[in-house]
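A.B. asks: quick check, what structure comes out for this input:
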Amino acid sequence: MYRFFVSDDQINIEDKKVIIKGQDVNHIKNVLRMKKGEEISVSNGNDDREFRCAISDYTDEGVECELRFIKEGSGELPVKVFLFQGLPKADKMETIIQKNVELGVFETVPVVMKRCVVKLDEKKASSKTARWQEISKAAAMQSKRGIIPEVKHPMTYTEALSYAKENCDVLLLPYEMGEDMAQTKELFNSIKKGSNIAVFIGPEGGFDVSEIEKAKEAGFKTITLGKRILRTETAGMYVMSVLGYLFEE
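C.D. replies: Model (predicted):
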């Protein structure tokens, strides 16, 4: 079943009506060629409710739908994972965002680190962020997420550490010189439902030693992801897979 995101003012629970507007109208009508009576799934992108609807009419305003029922808890993990990703080269960030949204990430924060090759000025950073947010939205629709995970404007390493401390109660940093697997497993198993988890992933060149020290001073725990060295685009997905296994209901 196809899922679409709308704003709260497009959902009228009392009258059991939903209006879909914008680019999705053309996609529903002319690309998918959906007919009246066909069911779709709608979310407001802010909470974990699914609004199950049936197309009732095509109008100048958009696609009118009949609201049939509301399903609570449609597809979010019972933990919120904030992925702090060191800016990678080329278009790797797009893949990182897409796949981690599919795996359940709550928010993605691009981070400028010492060994990042990519340099973004303010104009490019804003343009990239807008593009990344669209990728997050598309991935959320495809994977039937209840929310659209936000992609933050790129931060400096210091800003990212501060943001993580303010918003998360579990602070993790995968590092090839981190704790052994037994300690890492123990740490993962100690995480409780309802936790906000920060995961810092280095760029292609990895973390600078000074960045590791700053993270430890900020309260981060270094963990291992095994004996193999993973690419930057793989590491976050590894962590998300572990957390999904532990907490998926």
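
A.B. asks: break down this structure into its strands, ranges please.
C.D. replies: 3-5, 11-12, 17-20, 39-43, 49-58, 63-72, 80-86, 107-112, 150-151, 155-156, 170-174, 196-201, 221-223 (DSSP state E).

A.B. asks: mean neighbour count and distance to residue 98 added to the ones you listed, as CSV?
C.D. replies: Where you see a C-beta, it was placed from the backbone N, CA and C, and this is true even at glycine. CSV is the format used below for the strands of the chain (neighbours: other Cβ atoms under 10 Å; distance: least, Cβ to Cβ, whole Å):
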stretch, mean neighbour count, distance to residue 98
strand 3-5, 20, 16
strand 11-12, 16, 27
strand 17-20, 21, 23
strand 39-43, 20, 18
strand 49-58, 18, 21
strand 63-72, 16, 25
strand 80-86, 26, 12
strand 107-112, 23, 10
strand 150-151, 20, 11
strand 155-156, 14, 21
strand 170-174, 22, 20
strand 196-201, 25, 15
strand 221-223, 19, 24
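
A.B. asks: can you say which of those is nearest to residue 238?
C.D. replies: Nearest to residue 238, of all these, is strand 170-174, at 7.8 Å by Cβ to Cβ.

A.B. asks: quick one: residues in contact with the longest helix along the chain.
C.D. replies: When the chain is parsed with DSSP state H, its longest helix is helix 122-142. For helix 122-142, the external contacting residues (Cβ atoms under 8 Å, 6 or more residues apart in numbering) are 2-5, 45, 93-94, 97-99, 101-102, 108, 110, 120, 145, 147-154.

A.B. asks: just to revisit the earlier point, now the strands of the chain as JSON lines including mean pLDDT?
C.D. replies: Converted to JSON lines, the strands of the chain look like this (pLDDT from 0 to 100):
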{"stretch": "strand 3-5", "mean pLDDT": "91"}
{"stretch": "strand 11-12", "mean pLDDT": "94"}
{"stretch": "strand 17-20", "mean pLDDT": "95"}
{"stretch": "strand 39-43", "mean pLDDT": "93"}
{"stretch": "strand 49-58", "mean pLDDT": "94"}
{"stretch": "strand 63-72", "mean pLDDT": "92"}
{"stretch": "strand 80-86", "mean pLDDT": "98"}
{"stretch": "strand 107-112", "mean pLDDT": "97"}
{"stretch": "strand 150-151", "mean pLDDT": "98"}
{"stretch": "strand 155-156", "mean pLDDT": "97"}
{"stretch": "strand 170-174", "mean pLDDT": "97"}
{"stretch": "strand 196-201", "mean pLDDT": "98"}
{"stretch": "strand 221-223", "mean pLDDT": "95"}
